[in-house]
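Engineer: predicted model follows, preceded by the sequence.
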Amino acid sequence: MTFTRFIDLMYFFFWLVLFGSRHYTFSFSFSYRCLIFYNDFSVCIFNELCKMLDPGKPSLTPKKGKTSIVVFVGLQGSGKTTTCTKYAYYHQKKGWKPALVRADTFRAGAFDQLKHNATKAKIPFYGSYTESDPVKIAVEGVERFKKENCDLIIIDTSGRHKQEATLFEKMRDFPKQCIGQAAFDQAQAFKQSAAVGAVIVTKMDGHAKGGGALSVVAATKSPVIFIGTGEHMDEFEVFDVQPFVRRL
Ligand SMILES: Nc1nc2c(ncn2[C@@H]2O[C@H](COP(=O)(O)OP(=O)(O)OP(=O)(O)O)[C@@H](O)[C@H]2O)c(=O)[nH]1
C-alpha cells in the first residue's frame, strides 16, 4: 500500500468513526466525497509541480562522436567536482570518450581531488598546480583533449556565490552551463552570467528533497537532467519528473 493510499483510508475511517453508526449513511457518502476531493486535489498539485519542472525548452544534449564542452558552475561545495566525475563516468559507461579539466585556481587541493576521482574512474584529466588563470587552463585542456578525440570535455570551475562579482566575470570567459528562495537568487545570478544549458540537482540523498529544483528551473528556464544521490561515482540518476515530484 502506498503512503497516499494509506492516508486516503485513514481519512475515510476518521469520518466513519466521527459520525458513528447513527449517521452511517451520511458519513459514508460525505467521507466518500472527501476522498474524491482529496484525490482530485493531490492529482492537481502533482500535475502542476510536474509542469513547473518543465521549462519548455530542450536540455543541453551533447552528441556522441562530436566534441562537446560542458562547463560545470555552481555554489561552493555544491558537489561540482564530484558531479563532474559522475557525469563523465556515466557517459563513459555509455561508450563516450570523456575527459576532465580542473579550471579551479581558487581552492587549494581542488586539482588533487579531481585527479583522485578521475584516476579512480580511469578518465583522462588536465589541470595545473602553478597556473593562476582558470581560463588558460580551460583552453589548454580543451585543446589537448580535442587532439585526443575526446567527445565530452568537462570543465570543473571553482565554487561561486552570487556576491562574487569577479568570479562571475571570469565565468563569462568560459564556454557556457550550471546549478531554492536562496536557490532561486543564486540560480538567477548564474543565469545572468552564463547561458545555463541544463541543471543537475546534487545531494538528493540528504535533508533537502529537491524543492530547490523548482526554484532553479524557474530562475534558469533550464531543465534538470540528472540528480546526485550520494557521494559515490555511480550514485547518479537520470532525472525523471514524476518519481521526483512524488518524492517531494
Ligand atoms: N551525500 C552526498 N554528498 C555529495 C553529493 N555530491 C557531492 N557530495 C559531497 O559534497 C562535498 C563537496 O563536494 P565537491 O564535489 O567537492 O563540491 P564542489 O562544488 O566541487 O566544491 P568547490 O569546488 O569548493 O566549490 C563532498 O564531500 C562530496 O563528497 C551527493 O549527491 N550526495
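Structural biologist: Sure thing, it's come through.

Engineer: C-alpha from now on. contacts and neighbour counts both.
Structural biologist: OK.

Engineer: count the neighbours of the residue nearest to Ser78 when sequence neighbours are not counted for me.
Structural biologist: Of all residues not flanking Ser78 in the chain, Thr202 sits nearest, at 6.9 Å (C-alpha to C-alpha, 6 or more residues apart in numbering). By other C-alpha atoms under 10 Å, 23 other residues sit near Thr202.

Engineer: return the residues in contact with Thr202.
Structural biologist: Shown in contact with Thr202 (C-alpha atoms under 8 Å, 6 or more residues apart in numbering): 78-79, 83, 227-229.

Engineer: go with 10 Å
Structural biologist: Neighbour list for Thr202: 78-80, 82-83, 179, 208, 210, 213, 226-231, 236 [criterion: C-alpha atoms under 10 Å, 6 or more residues apart in numbering].

Engineer: Ser68 now?
Structural biologist: Here Ser68 is in contact with 61-62, 98, 142, 146, 150-154 (C-alpha under 10 Å, 6+ apart).

Engineer: could you flag which of those residues are buried?
Structural biologist: 98, 142, 146, 150-154 (16 or more other C-alpha atoms under 10 Å).

Engineer: before we move on, which element is Ala218 in?
Structural biologist: Element membership for Ala218, per DSSP states H and E: helix 211-220.

Engineer: any weak-confidence spans in the chain?
Structural biologist: By pLDDT under 70, the low-scoring segments of the chain are 1-9, 11-39, 108, 159-195, 207-210.

Engineer: residue numbers of it in contact with the ligand?
Structural biologist: Counting by C-alpha under 6 Å from any ligand atom, the chain comes close to the ligand at 75-82, 158-159, 202-206, 228-231.

Engineer: which among the residues you listed end up buried?
Structural biologist: 75, 78-82, 158-159, 202-204, 228-230.

Engineer: if I look at Glu235, how far off is Lys86?
Structural biologist: Separation of Glu235 from Lys86 (C-alpha to C-alpha, to the nearest Å) stands at 8 Å.

Engineer: so for those two, which residue has more residues nearby?
Structural biologist: Lys86 (23 against 16).

Engineer: doesn't that one fall inside a helix?
Structural biologist: Yes - counting by DSSP: H, G, I helix; E, B strand; the rest coil, one finds Lys86 located in a helix.

Engineer: was I right to think it contacts Val238?
Structural biologist: No - using C-alpha atoms under 10 Å, Lys86 is not in contact with Val238, being 11.4 Å away.

Engineer: tell me, what's touching those two both at once?
Structural biologist: Gly228.

Engineer: what about Leu60, how many neighbours?
Structural biologist: That count, for Leu60 with other C-alpha under 10 Å as the rule, works out to 15.

Engineer: show me the contacts of Thr202 that map onto strands.
Structural biologist: 226-228, 236 (DSSP state E).

Engineer: would you map out the domains in the protein?
Structural biologist: As recorded under automatic domain parsing, the domains making up the chain are 3-52, 68-247.
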